[in-house]
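A.B. asks: have a look; sequence and predicted model below, questions after that.
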Amino acid sequence: MMNQRDNRPVLITGGCGFIGCNLADRLAERGERVLVLDNLARAGVRENAQWLKSRHGDLITITVADIREPIPVIDAVREARAVLHLAAQVAVTDSVSDPAADFETNARGTLNVLEAVRLHNCTAPVVFASTNKVYGRLVEDSQITLAGRRYSPTSDLLAGGISEHAPLDFYSPYGCSKGTADQYVHDYARVYGLQTVVMRMSCIYGPRQFGTEDQGWIAHFLLSAIRGQPLTIYGDGYQVRDALHVSDAASAWLAVLDGIALARGRVFNLGGGPANAVSLRELIDHITQFTGREVTYRFSDWRPGDQPWYVTDTRALSTALGWAPQVNIAEGLRSLHAWLDSRFGATHGTREALA
Ligand SMILES: NC(=O)c1ccc[n+]([C@@H]2O[C@H](COP(=O)([O-])OP(=O)(O)OC[C@H]3O[C@@H](n4cnc5c(N)ncnc54)[C@H](O)[C@@H]3O)[C@@H](O)[C@H]2O)c1
């Protein structure tokens, strides 16, 4: 747990974003001060800022600034007792159309955060939001087979999911920029002795996620069902992801922060694990079942870097810190659906565009 005498805020970069605002909420709920640094680049996240302020008042300070600018990053880092670094360009599609801009935020921006910590607050723990995309495609076609409405690995060796020992194979500009950042964060623990932890996250979903076709696919699928809009499935829809509800993701991040003495220098894969694996087609089936609404979809080509099968092996994190997911996918989908419906649903009179 935090040192009771240390009343400095936890800095969350990207703290107005989906995962960041849920983390800020959890920290403030336990009475901690939170300093959010966010440039509000993501559509919809201004609303998350208002939500945080309305719930927690002065416990939350929001600085609108950009991690590509070293000075505001240094100012924020100087004040903080710990840094949770989530600000990022998050869409693989945008990284393909503008790899330089993606690099500037994800790679250069992360180096700005690390240098600010190294030079101005070197005892502050740093936890970084990395991604399963650093592992690339992972499986060859010969290593998966179609089982019902999903791909399944042919070897039992993969039954427990993908561990941190899987070889790195950055794929897509987003995979490269996040992978670069991931390796810098990890290396700053070795070379400079910083207390850093890398969280390689799979698919996180839940309330306050402004999902679009480019990122946040579960929220995007649910929102399309609510709006009666057709979906495009890139690939064949049998691809598998393990989904983790954001409340479980936040618990994992807090476990790492509170257990930094044990976690420092480590890399953890974070996802829902084999019990929460779902294919795109299966998710659409779930949505149809519990909303009673037919979801229409068409198919398009696979997108660069898309993994046909990715399921997290969560055992390293569980063993180190006693964390385990609590929210199963059926429950989690209901919670996200309830939030999306209250925010965008026809029952509430508006079908607002993300702004
Ligand atoms: N959501 C997932 O399933 C998932 C999976 C793996 C990794 N991640 C990583 O987790 C982090 C958070 O993801 P999210 O889903 O909450 O995304 P999000 O887009 O909701 O949040 C990112 C936040 O960063 C802010 N931001 C973007 N560029 C910035 C910049 N240059 N300076 C300051 N702020 C900036 C955005 O305004 C946004 O509020 C990201 O680093 C992402 O790569 C997310």
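C.D. replies: Looks like it arrived, so ask away.

A.B. asks: Validate this expectation: residue 289 resides in a helix.
C.D. replies: Yes - when classified by DSSP: H, G, I helix; E, B strand; the rest coil, residue 289 is found to be part of a helix.

A.B. asks: state the distance from it to residue 136.
C.D. replies: 33 Å (CB to CB, to the nearest Å). All C-beta spots, glycine's among them, are computed from the backbone N, C-alpha and C.

A.B. asks: just residue 330 next, same as before
C.D. replies: Distance of residue 330 to residue 136, given as CB to CB: 31 Å.

A.B. asks: give me the more crowded residue out of the two.
C.D. replies: A direct count of neighbours by other CB atoms under 10 Å for residue 330 and residue 136 places residue 136 higher, at 18 against 11.

A.B. asks: low-confidence stretches in the stretch 1-150 of the chain?
C.D. replies: 1-5 (pLDDT under 70).

A.B. asks: again, only using 90
C.D. replies: Confidence mapping of the stretch 1-150 of the chain against pLDDT under 90 gives the ranges 1-6, 139-141.

A.B. asks: what sits against the residue in it positioned nearest to the ligand?
C.D. replies: Closest approach of the stretch 1-150 of the chain to the ligand (CB to the nearest ligand atom) occurs at residue 17, with a separation of 1.9 Å. Shown in contact with residue 17 (CB atoms under 8 Å, 6 or more residues apart in numbering): 38, 42, 45, 48, 86, 87, 90.

A.B. asks: ok, the second one touching residue 211?
C.D. replies: No - taking contacts as CB atoms under 8 Å, residue 42 lies outside contact range of residue 211: 10.9 Å.

A.B. asks: just the helices in the stretch 201-350 of the chain please.
C.D. replies: For the stretch 201-350 of the chain, applying DSSP state H, counting those that start in this stretch gives helices covering 217-227, 246-258, 260-263, 280-291, 315-321, 329-344.

A.B. asks: rebuild those helices as TSV, extending it with mean pLDDT.
C.D. replies: Below are the helices of the stretch 201-350 of the chain laid out as TSV (pLDDT from 0 to 100):
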stretch	mean pLDDT
helix 217-227	94
helix 246-258	98
helix 260-263	98
helix 280-291	93
helix 315-321	98
helix 329-344	93
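
A.B. asks: dump these into CSV; add distance to residue 274 as well.
C.D. replies: Below are the helices of the stretch 201-350 of the chain laid out as CSV (distance: least, CB to CB, whole Å):
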stretch, distance to residue 274
helix 217-227, 18
helix 246-258, 15
helix 260-263, 23
helix 280-291, 14
helix 315-321, 11
helix 329-344, 12
